[in-house]
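Visitor: I would like to see how this sequence folds:
(one chain, ligands or ions: 1)
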Amino acid sequence: MVENNDDFGYGSVDEVQRQTSSGGKYLKLEYDKTVQVRVTDKPKYAIRHWNDVQRKFFPHNEPKCEFCGEGVKTPLKKDAQWYWIVIDREDERVKILQGPNGVARALKDLSELRDKTKTLVWGNPITFDVMITKYKKDNGFTDYKVEPLPNTKRSMNDEEVKKIKEAAIDLVKEVEKSKTSEHMGNYGGSPSMETAPADERVNPEDIPANLGEGGGETVGPDDIPF
Ligand SMILES: [Zn+2]
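Guide: From the prediction side, this is the model:
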């Protein structure tokens, strides 16, 4: 092995970390980091509550919700978590992307955009790649930029379709799992609710995929720590 005098022996840390981080199954949106993905299917979502005092998620249950239903003195705020099966162009692997309403809204708007002749400009979001960037606005709130990539406008090829099939991700099951799993946030009646990070100075690598989603008292529904 060739010694690189500049890396002090840590030259492979990035690569090793990449290979070992969270099994690579989840693609997390991080501040000021742009991801390029191909959405491969229809999205799924779940609605949950964030208790800012306990810093925990709680399930939103229809029709009688113990956290926001009739007769609840101090109803908890609700937020939604969306799930997509995507191909991450970084490494061309099939992953689960999670995002708030803002990302879903941007994809919906793109899919519905029509030109002056009423022709859909982009159409179905599974027919082009998007770049998604999570960033802080000047007012401190979090927002998401979702940009379509014109030169990627094509149906998925055979290799991609095969890859998705082989990944065999059951998104419905994943969303269900997220209700009880310690690794994907927590709503759906699990007695052991997760605790969200107290602030954003937490190593993202230490945080389960969507832990920390949820608005507090002073933030908008889309202004979430992770
Ligand atoms: Zn509720």
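
Visitor: if you count neighbours, what's buried in stretch 85-100?
Guide: Ile85, Val86, Ile87, Asp88, Val94, Lys95, Ile96, Leu97, Gln98, Gly99, Pro100 (16 or more other CB atoms under 10 Å). C-beta: built from backbone N, CA, C; applies to glycine.

Visitor: now do stretch 121-129
Guide: Under 16+ other CB under 10 Å, the buried positions of stretch 121-129 are Trp122, Pro125, Ile126, Thr127, Phe128, Asp129.

Visitor: tell me the one of those nearest the ion?
Guide: Closest to the ion out of these is Pro125 (28.5 Å), distances taken as CB to the ion.

Visitor: burial of whichever residue of the chain sits closest to the ion, as a residue count?
Guide: Going by CB to the ion, the ion is nearest to Cys65 of the chain, at 3.0 Å. Neighbour count for Cys65, taken as other CB atoms under 10 Å: 18.

Visitor: the one 5 residues further on too?
Guide: When counting by other CB under 10 Å, one arrives at 8 neighbours for Glu70.

Visitor: ok, the one 10 residues further on next?
Guide: Neighbouring residues of Ala80 were enumerated by other CB under 10 Å; the total is 16.

Visitor: state the helix or strand in which it lies.
Guide: For Ala80, the host element (DSSP states H and E) is strand 77-88.

Visitor: could you export the buried residues of stretch 121-129 as a markdown table, including pLDDT?
Guide: Shown next, in a markdown table, are the buried residues of stretch 121-129 (pLDDT from 0 to 100):
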| residue | pLDDT |
| --- | --- |
| Trp122 | 97 |
| Pro125 | 97 |
| Ile126 | 97 |
| Thr127 | 97 |
| Phe128 | 98 |
| Asp129 | 98 |
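
Visitor: ok, the strand holding Ala80: who's next to it in the sheet?
Guide: strand 34-39 (antiparallel), strand 44-51 (antiparallel), strand 93-99 (antiparallel) (DSSP bridges).

Visitor: what residues does the chain put near the ion?
Guide: With CB under 5 Å from the ion as the criterion, the chain comes near the ion at residues His60, Cys65, Phe67, Cys68.
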